[in-house]
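Undergrad: Provide a 3D model corresponding to the input given below.
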Amino acid sequence: MSNVLADSNMLSSLAAYDAVVGLSSGQTVQWGNLLSKIIEGRLLPLVMEAAGRAEGYALGLRDAGVITEIQRGRMACVVLAVTADKIQSLPDDA
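TA: I've put the predicted structure just below:
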């Protein structure tokens, strides 16, 4: 029997690694900080704002020619996975 959460974490980890290949150390730290803001969010609006900022950062990197559209898509998938996990863990009244 497959553990869906473990499978999801593995896919997220692989996508997260692929997403940061080619970023400078400073860009990688900034990306990690943005993902941490999603994880640390205690209310749905804060989680969604942090997710939007992370997606915007990825778009900015793509527009600046730092990453490719494929990498931006991978970063978006990581944001989506982290955000979905966080939303599921929020209390109903958050």
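
Undergrad: those helices in this structure, which residues are they?
TA: Assigned by DSSP state H, the chain shows helices spanning 4-20, 25-40, 44-63, 69-89.

Undergrad: what's the closest non-adjacent residue to Arg53?
TA: Among residues not flanking Arg53 along the chain, Leu34 sits closest, at 5.8 Å (C-beta to C-beta, 6 or more residues apart in numbering). (Glycine included, C-beta is placed from N, CA and C.)

Undergrad: that older thread, the helices of the chain: lowest mean pLDDT?
TA: For the helices of the chain, the weakest mean pLDDT is recorded on helix 4-20, namely a mean of 57.

Undergrad: residue nearest the middle of this structure, spatially speaking?
TA: Nearest to the mean C-alpha position of the chain, counting by C-alpha atoms, centre = their mean, stands Val79 at 2.5 Å.

Undergrad: how near is that one to Gly56?
TA: Val79 is 10 Å from Gly56, where distance means C-beta to C-beta, to the nearest Å.

Undergrad: and Gln30, by the same measure?
TA: 12 Å.

Undergrad: compare neighbour counts for the two and give me the winner.
TA: Ranked by neighbour count (other C-beta atoms under 10 Å), Gln30 and Gly56 place Gln30 first, with 15 against 11.

Undergrad: which residues touch the more buried one?
TA: Neighbouring residues of Gln30 by C-beta atoms under 8 Å, 6 or more residues apart in numbering: Tyr57.

Undergrad: got it, and Ala51?
TA: 38, 79-80, 82-83.

Undergrad: tell me the buried residues within those residues.
TA: Listed as buried from those are 38, 79, 82-83; burial here means 16 or more other C-beta atoms under 10 Å.

Undergrad: make TSV from these and add distance to Ala64 to it.
TA: Listed next are those as TSV, based on distance: C-beta to C-beta, whole Å:
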residue	distance to Ala64
Ile38	22
Val79	18
Val82	23
Thr83	24
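
Undergrad: need the contact list for the residue nearest to Arg53.
TA: Per C-beta under 8 Å, 6+ apart, neighbours of Leu34: 50, 53-54, 57.
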